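Peer 1: need a 3D model of the following:
(chains A and B)
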Amino acid sequence: GENVEQHPSTLSVQEGDSAVIKCTYSDSASNYFPWYKQELGKGPQLIIDIRSNVGEKKDQRIAVTLNKTAKHFSLHITETQPEDSAVYFCAASGLTGGGNKLTFGTGTQLKVEL
Amino acid sequence: DTEVTQTPKHLVMGMTNKKSLKCEQHMGHRAMYWYKQKAKKPPELMFVYSYEKLSINESVPSRFSPECPNSSLLNLHLHALQPEDSALYLCASSQEGSGRRRLYNEQFFGPGTRLTVL
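Peer 2: Just a heads-up that it's a prediction; the model follows:
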């Protein structure tokens, strides 16, 4: 099955700096890579995703890049703000008999310090 | 309505109790999911329903029993749980399709039910 590794496990940045979180996956058949933000006491919230036919996608301060050859993808957050502090999970998706099976990375605790 | 709702928010139960978790969505999604999340860990898939039929069971113990009574509702029946089953239980939903369209369907999560088994 799919295996997703995520680094770093914790990341502290100063407000206004950039943050980068990296993930690698093992199954070359995976073609969909979402990123989720989870705040304390809440469910994961989809913040951006990328499909295999795209190398990069940007949405305001958030961008994701995908390198299918190397099987890794990254989340970039620019001009970080205190409200960006949360746990971020990457995921990879493979086809199943029904539904969409996501395999999550281990998570990154991002702290944005004033 | 772009929301997945879950009830109750918190649940405390003994090992001999029977309880149920409920999940509801009105986005017209035909795939629904149960995940278990332990503290400081990623969500772990438990069950997937596609068009109200169970399509994936990730070898979950029988003390967890899912049910999908209609396209908007998903239940998780709990019986004879163990303290190690204490966790956040998350429900999610997505559109359903075929082939690659299924692969690209975003999953939307509810806020979860915090379960404590005494």
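
Peer 1: which parts of chain A are helices?
Peer 2: Ranges of helices in chain A, per DSSP state H: none exist.

Peer 1: least confident secondary structure element in it?
Peer 2: strand A:100-104 (a mean of 87; mean pLDDT, DSSP states H and E).

Peer 1: who touches that strand?
Peer 2: A:1-4, A:25, A:32, A:34, A:36, A:89-94, B:31, B:42-45, B:48, B:56, B:94, B:102-103, B:105, B:107 (Cβ atoms under 8 Å, 6 or more residues apart in numbering or on different chains). Using the backbone N, CA and C atoms, a C-beta is placed for each residue, glycine as well.

Peer 1: given it, what are its sheet partners and their directions?
Peer 2: Its sheet considered, strand A:100-104 pairs with strand A:86-95 (antiparallel) by DSSP bridges.

Peer 1: mean confidence for the strand it pairs with?
Peer 2: Averaged over strand A:86-95, pLDDT sits at 90.

Peer 1: return the distance of it from the chain's centre.
Peer 2: 6 Å (Cα atoms, centre = their mean, to the nearest Å).

Peer 1: output it as CSV, restricted to C-alpha atoms.
Peer 2: Only the C-alpha atoms of strand A:86-95 are listed here, as CSV (Å, rounded to 0.1, in the frame of the first residue of the first chain):
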residue,chain,number,x,y,z
ALA,A,86,-1.8,24.5,13.3
VAL,A,87,-0.9,21.0,12.4
TYR,A,88,-0.6,20.4,8.6
PHE,A,89,-1.1,17.0,7.0
CYS,A,90,-0.2,16.0,3.5
ALA,A,91,-1.9,13.0,1.9
ALA,A,92,-1.8,10.9,-1.2
SER,A,93,-4.7,9.2,-2.9
GLY,A,94,-5.0,5.9,-4.8
LEU,A,95,-7.9,4.4,-6.6
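
Peer 1: where does the chain dip in pLDDT?
Peer 2: No chain specified, so I'll use chain A. For chain A, applying pLDDT under 70 flags the ranges A:95-99.

Peer 1: that's the wrong chain, I meant chain B
Peer 2: B:1-2, B:98-104.

Peer 1: rerun that using 80 as the cut-off
Peer 2: Along chain B, the model assigns pLDDT under 80 to residues B:1-2, B:97-105.

Peer 1: check contacts around B:Ser86.
Peer 2: So B:Ser86 contacts B:Leu115, B:Thr116, B:Val117 (Cβ under 8 Å, 6+ apart).

Peer 1: only whichever of these are buried, select them in PyMOL.
Peer 2: The buried residues among the contacts of B:Ser86 can be selected in PyMOL (16 or more other Cβ atoms under 10 Å in any protein chain shown) with this line:
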select buried, chain B and resi 115+117
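
Peer 1: in strands, which of the contacts of B:Ser86 fall?
Peer 2: The strands, defined by DSSP state E, take in B:Leu115, B:Thr116, B:Val117 from the contacts of B:Ser86.

Peer 1: what would these look like in a markdown table with distance to A:Lys111?
Peer 2: What follows is the ones in strands among the contacts of B:Ser86, written out as a markdown table (distance: Cβ to Cβ, whole Å):
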| residue | distance to A:Lys111 |
| --- | --- |
| B:Leu115 | 28 |
| B:Thr116 | 27 |
| B:Val117 | 31 |
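
Peer 1: which of those residues lies closest to B:Pro83?
Peer 2: B:Val117 (5.1 Å; Cβ to Cβ).

Peer 1: look up how far A:Glu83 lies from the closest one.
Peer 2: 34 Å (Cβ to Cβ, to the nearest Å).
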